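A.B. asks: Sequence and predicted structure below; questions after.
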Number of protein chains: 2
Amino acid sequence: MAARRTTSPVADAPAGEGASPSASPALRSDAERNRRRILDAAREVYAEHGLGVGVDVVARAAGCGVGTLYRRFPTKQDLFRAIVEDRVDQLAAALGEAAAIGDPWEAFVRAAEEFAGAIARDRAFFEVVQHVEPGAAIAARERSLKALAPILRRAQKAGVVRADLVIEDVPALCAVAARLPAWRLEQQPELWRRYLGVVLDGVRAEAAHPLGHPPPKRAR
Amino acid sequence: MAARRTTSPVADAPAGEGASPSASPALRSDAERNRRRILDAAREVYAEHGLGVGVDVVARAAGCGVGTLYRRFPTKQDLFRAIVEDRVDQLAAALGEAAAIGDPWEAFVRAAEEFAGAIARDRAFFEVVQHVEPGAAIAARERSLKALAPILRRAQKAGVVRADLVIEDVPALCAVAARLPAWRLEQQPELWRRYLGVVLDGVRAEAAHPLGHPPPKRAR
DNA sequence: CGGCAAGCGGAACGATGACTTCCGTCACAC
DNA sequence: GTGTGACGGAAGTCATCGTTCCGCTTGCCG
C-alpha cells in the first residue's frame, strides 16, 4: 500500500483551467494532451475498478506508456490525489447548488442524492472516504461536511428532518449506495436510489422513533 | 487470489460436533486440539481483518506454525470455507429464533438486528456476502434469504412493513447500516444500531413514500 | 519403557503483481 | 534542419502471499 519512496515534493501541475501564476514551465503541446488523457483515463479506470488497479492499466487506457505517465505524476499517489481532489470539488459544487434550492426538504434530498451518487459511481472516491489512511481523505471529509452542514441545519429547523441526526450521520447514511455489491450495480447502476429512498423515509421528522444509539464521535 | 492448484478433493474434516460416519481416521489428541485452535483463531482474525490477511497471521494467532495449518486445511479456501459455513449456520439459527417471536414487527426488527450484527461483527462474512466470486457465497445467500422470507411476509401481511419491499432488499438495507468504516466501528462497535434504527424507521409501512426505483433482479 | 509413525514448526521457495527506472526512438518547436 | 524534450514499454526491483519440505518432537501402543 504505502509507496516505497516518500511522496514526491511536487505534484500539482498547472491546475485545471486557470493558469497557475508561477512555476509552470509551459508543457509542450503533446505533453499537455497526454496529461489530459491520463487524467481522464485514470478517473474512469479508478472509478470503475477502485484504486487497486495497476498504473499500466491506466496507461493503456490513456493510450500511452507508463513512462509517460510517470513523468507527469512521479508517484501513483500523486495521480489519484489529483483525481480525488477533483471529485471532491465537483461534489462540493453540487452541494452548493443543492443548498440554493428553496424548499428545505427538497434541498436535503438533492444533497443526499449527490452524495450517494458520487459514492455509487466512483469506487475510488468511496475507498478514499472509507479508509482513512491517506491524510487527504480527512480534508476531503471536512470539505464535504462543511458544504452539507447548512442544508441539514435548515431542514431540521424547518421540522422536516428528524432532529436527532448530526452532520456526521449524513454521509454514513448516504453510503448506502456504495455498499451495494459491485455485481448489483453492474446490472442496475441506479439501484442505490431505491435504498436511498428508504433511508430518506427514515430520515423524515414525522417517521422518527428514538434511536437506540448515540451519534458518532467526531473524527479524530 | 485464485489458488494455483485446483481446490483439493478433501477438506471437510469431522464436522463440528457429530462424529462423521466414515472416513475419519481419528485425529491424534494434539492434532485435534490444534484443529480447534486454528479454527477459532481464523474465525477471530478473519472477522476482524477480513479475508485478505495471510495464513501466517492466522497460524501465529493459533499458536502454531503454518505447516500445521496446512496439514489440516490443504488450501486457504478450505479454511475460510469452513468458517463461513459455520457463520451462516449461526445466522440461520438466529433468524429461526426471530421468526418465533409473536409480534410481527418485533420479529422483523430482531431479524434485521441479527443480520446487521453479523455483518458488522464479522468482516469476512461481509466480504463473502458482498463479492460473489466464491460459489459458496451463493449458497450462503440462499440459505439466509430462505430463513428471512417468512418473517418479511408476515410483517407485510400485518401491515407494519411497507409493501414495496422484496426479500432481496432486506440484506441490502441491513448491510447499509452495518458496513461502517473500520475506524468508526473500532471506536463505537455498536454504532450500526443507530443507522439500523433510521433504516427501520424508513421500512415502517406508515413511513412509506413511493420509491423511485424498481426492486433488484434476482441474483444470476 | 521403547519404538515409531504422525504431527509439528517455520525457514525457504516460487509465483505474482505492484511501482519505478532507463534508454533507444520519435516529433514538436524554432 | 536540428536538437531537445517527450515517448513507449521492456526490464528491474521489491514486497507479499500461498504453499512445500524436512529435521525434530511427541503422543500412542505393545
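C.D. replies: Received it, and whenever you're ready, just let me know what you need. Numbers count the residues shown, from 1 in each chain, chains lettered A, B, ... in the order given.
A.B. asks: what residues does chain A put near DNA strand C?
C.D. replies: Contact residues (CB under 7 Å from any atom of the strand) of chain A with DNA strand C: A:3-5, A:28-30, A:52-56, A:66-67, A:70, A:74-76. Where you see a C-beta, it was placed from the backbone N, CA and C, and this is true even at glycine.
A.B. asks: Now the buried members of the residues you listed.
C.D. replies: A:Val55, A:Pro74, A:Thr75, A:Lys76 (16 or more other CB atoms under 10 Å in any protein chain shown).
A.B. asks: Check whether the last one really touches A:Val55, as I assumed.
C.D. replies: Looking back up the chat, that one is A:Lys76. Yes - look at A:Lys76 against A:Val55 with CB atoms under 8 Å: they come within range, at 5.8 Å.
A.B. asks: burial count for A:Arg43?
C.D. replies: 20 (other CB atoms under 10 Å in any protein chain shown).
A.B. asks: Could you check what's spatially nearest to the spatially most central residue of chain A, not counting adjacent residues?
C.D. replies: By CA atoms, centre = their mean, chain A has its centre lying nearest to A:Phe125, at 4.3 Å. Spatially, and ignoring its direct neighbours in sequence, A:Phe125 is nearest to A:Arg87 (5.0 Å; CB to CB, 6 or more residues apart in numbering or on different chains).
A.B. asks: Just the buried positions in the helix or strand containing the one you found, please.
C.D. replies: Applying DSSP states H and E as the criterion places A:Arg87 in helix A:76-99. Going by neighbour count (16+ other CB under 10 Å), the buried part of helix A:76-99 is A:76-88, A:91-92, A:94-95, A:98-99.
A.B. asks: and if you look at stretch A:196-211?
C.D. replies: Residues of stretch A:196-211 classed as buried by neighbour count (16+ other CB under 10 Å): A:196-205, A:207-208, A:211.
A.B. asks: any idea which of these is the one closest to A:Val170?
C.D. replies: Relative to A:Val170, the closest of the buried residues of stretch A:196-211 is A:Val203; by CB to CB it sits at 8.7 Å.
A.B. asks: Verify the stated contact: that closest one with A:Asp164.
C.D. replies: No - using CB under 8 Å, A:Val203 makes no contact with A:Asp164, being 10.4 Å away.
A.B. asks: tell me what the helix holding A:Arg87 is packed against?
C.D. replies: helix A:29-49, helix A:55-62, helix A:104-121, helix A:123-130, helix A:135-157 (3 or more CB pairs under 8 Å, 6 or more residues apart in numbering or on different chains; DSSP states H and E).
A.B. asks: export those to a markdown table and tack on distance to B:Glu44 and mean pLDDT?
C.D. replies: Listed next are the helices and strands packed on helix A:76-99 as a markdown table, based on distance: least, CB to CB, whole Å; pLDDT from 0 to 100:
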| stretch | distance to B:Glu44 | mean pLDDT |
| --- | --- | --- |
| helix A:29-49 | 31 | 93 |
| helix A:55-62 | 35 | 94 |
| helix A:104-121 | 30 | 95 |
| helix A:123-130 | 23 | 82 |
| helix A:135-157 | 28 | 87 |
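A.B. asks: Surely A:Pro216 forms part of a helix?
C.D. replies: No - using DSSP: H, G, I helix; E, B strand; the rest coil, the secondary structure at A:Pro216 is coil, not a helix.
A.B. asks: mind checking pLDDT for the spatially closest residue to it that is not a sequence neighbour?
C.D. replies: Leaving aside its chain neighbours, A:Pro216 sits nearest to A:Glu168 (5.0 Å; criterion: CB to CB, 6+ apart). Listed pLDDT for A:Glu168 reads 92.
A.B. asks: isn't A:Glu168 right up against A:Glu142?
C.D. replies: No - A:Glu168 lies out of contact with A:Glu142 (CB under 8 Å); the separation is 11.3 Å.
A.B. asks: Who has more neighbours out of the two?
C.D. replies: Taking neighbours as other CB under 10 Å, A:Glu168 and A:Glu142 compare with A:Glu168 leading, 16 against 12.
A.B. asks: Might you report the residue contacts of the residue nearest to A:Phe125?
C.D. replies: Counting by CB atoms under 8 Å, 6 or more residues apart in numbering or on different chains, A:Arg87 touches A:Ala118, A:Asp122, A:Ala124, A:Phe125.
A.B. asks: Looking at the residues you listed, which two lie furthest apart in space?
C.D. replies: Spanning the widest gap among the contacts of A:Arg87 are A:Ala118 and A:Ala124, at 10.8 Å by CB to CB.
A.B. asks: residue of chain A with the smallest distance to DNA strand D?
C.D. replies: Closest to DNA strand D within chain A is A:Gly67: 1.8 Å, counting by CB to the nearest atom of the strand.
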